[in-house]
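Peer 1: let me see the structure of the following:
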Amino acid sequence: MKNTKGLAIDDEAEVDTATLARLIGMTPHAVSKAADAGRLVRGRMPGHYKLRDSVQRYVEVLRSGPKGGGKGYEAAKTREKEAKARLAEMEADEKEGKLLELSVVQQTCGNICTAFTALTTLIGAAPHG
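Peer 2: Numbers count the residues shown, from 1 in each chain. Below is the predicted model:
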């Protein structure tokens, strides 16, 4: 048993899911998912976790930042910025008349097809001669 500033912690101490959840501020379901992902250390008994190892691993995860050192987070932020820039460019193109909404294009094509059909019907009905 180690004694850290008056707190005795048994290196082999295990706690149940609800206790670990309260200690690290998670729901019991989130504790189970974190253990499945390898972020917490399961104990010998089902539904139990090694207290010291789980807390240490949880702290490591928090220190490493979002999604493995921030790489996933940074990539997501980059994708978000690129998407916002693309949307702004599309809106500018639409205002400048360089881009049309799909519904407008579909309606226009439908009108052209209707007019063409009517025209070919008239030509076909006209006397030849």
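
Peer 1: number of residues surrounding residue 32?
Peer 2: 18 (other Cβ atoms under 10 Å). The way it works is simple: take the backbone N, C-alpha and C, and place the C-beta from them, glycine included.

Peer 1: then residue 58?
Peer 2: The burial count for residue 58: 20, using other Cβ under 10 Å.

Peer 1: what about the helices in this structure?
Peer 2: For the chain, the helices defined by DSSP state H cover 17-24, 28-36, 51-64, 66-69, 71-95, 102-125.

Peer 1: how close does the residue nearest to the spatial centre of the chain sit to residue 85?
Peer 2: Taking Cα atoms, centre = their mean, the centroid of the chain lies closest to residue 76, which sits 8.4 Å from it. With distances defined as Cβ to Cβ, to the nearest Å, the gap from residue 76 to residue 85 amounts to 15 Å.

Peer 1: need the contact list for residue 18.
Peer 2: By Cβ atoms under 8 Å, 6 or more residues apart in numbering, the residues touching residue 18 are residue 28.

Peer 1: redo that, cut-off 10 Å
Peer 2: Taking Cβ atoms under 10 Å, 6 or more residues apart in numbering as the contact definition, residue 18 lies against 27, 28, 31, 47.

Peer 1: now, of those residues, which are buried?
Peer 2: With neighbours counted by 16 or more other Cβ atoms under 10 Å, the contacts of residue 18 contain buried members at 31, 47.

Peer 1: tell me which residues of stretch 17-36 are tucked away?
Peer 2: Under the neighbour-count rule (16+ other Cβ under 10 Å), stretch 17-36 has 17, 20, 21, 24, 26, 31, 32, 34, 35 buried.

Peer 1: check stretch 109-123 too.
Peer 2: For stretch 109-123, burial by neighbour count (16+ other Cβ under 10 Å) applies to no residue.

Peer 1: and the average pLDDT for it is what?
Peer 2: Stretch 109-123 shows an average pLDDT of 91 in the prediction.

Peer 1: how far is that stretch from where the chain is centred?
Peer 2: Offset of stretch 109-123 from its chain centre (Cα atoms, centre = their mean, to the nearest Å): 48 Å.

Peer 1: hmm, who's touching that stretch?
Peer 2: Here stretch 109-123 makes contact (Cβ under 10 Å, 6+ apart) with no residue beyond itself.
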